[in-house]
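>>> Predicted model and sequence below, questions to follow.
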Amino acid sequence: MLLPSHTTHPHEAGLDEAGRGCLAGPVFAAAVILPPDFHSPYLNDSKQMTARRREQVRADICREAIAWAVAEASPVEIGEINIAQASYLAMHRAVQQLPIVPDFLLVDGNRFRPYPGLEHACIIGGDALYRNIAAASVLAKTFRDERMRELAEAYPHYGWEQNAGYPTPKHREAIRLHGPCEHHRLGFRLV
């Protein structure tokens, strides 16, 4: 069972990212502040959920969260500042877009670039421990997958509607045959 929060702060925001290990597309991040009584029976680490369940839970989060925001960092930004810094940039952008200022940031992972004026804690595997981080993982994953399906319409040979830009054998073979496009992360080993 997921814990409701890490602190007693009423507006603790969970933060997580999606798409860090991809060869293409932006890295997405989400920030979510949930009410203490939030309940969605299928909420979990997004990697442990089916796509259908993620979409159901996304609707619950968007409807019932006190506040939520999703942001991204582009493949160009990833190339300029590296994937770790781009992930922090996307997380910071998500926090900036929240309609209320959080009291505390609870971040999935072991590292984070401190956000000015806000305390934070990093929790390894936090998306499987805390509701607000799990909710952030669901939003980051579903919004990113949605973007990759949109990009797949313009670039159908990469299979992004299925692999979401991750380094599958089919994706690598398509890069070898067709070359990379503007949405590929050129600083990554693509083939």
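Perfect, thanks for sending it.
>>> Report the distance from the top helix by length along the chain to the chain centre.
Ranked by residue count, the top helix of the chain under DSSP state H comes out as helix 131-154. Going by CA atoms, centre = their mean, to the nearest Å, the spacing between the C-alpha centre of helix 131-154 and its chain's C-alpha centre is 7 Å.
>>> all strands for this protein, in order.
Applying DSSP state E to the chain gives strands spanning 12-18, 27-33, 67-73, 104-108, 119-123.
>>> Show me what the second one is packed against.
In other words, strand 27-33. strand 12-18, strand 67-73, helix 83-97, helix 131-154 (3 or more CB pairs under 8 Å, 6 or more residues apart in numbering; DSSP states H and E). Backbone N, C-alpha and C define where each C-beta goes, glycine included.
>>> okay if I get those as JSON lines plus mean neighbour count and mean pLDDT?
Shown next, in JSON lines, are these (neighbours: other CB atoms under 10 Å; pLDDT from 0 to 100):
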{"stretch": "strand 12-18", "mean neighbour count": "30", "mean pLDDT": "98"}
{"stretch": "strand 67-73", "mean neighbour count": "22", "mean pLDDT": "98"}
{"stretch": "helix 83-97", "mean neighbour count": "21", "mean pLDDT": "98"}
{"stretch": "helix 131-154", "mean neighbour count": "23", "mean pLDDT": "97"}
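>>> any chance of those in TSV, with distance to Pro180 too?
Formatted as TSV, these follow (distance: least, CB to CB, whole Å):
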stretch	distance to Pro180
strand 12-18	21
strand 67-73	18
helix 83-97	16
helix 131-154	13
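>>> can you list the weak-confidence ranges in the protein?
191 (pLDDT under 70).
>>> Thanks again, I'm all set now.
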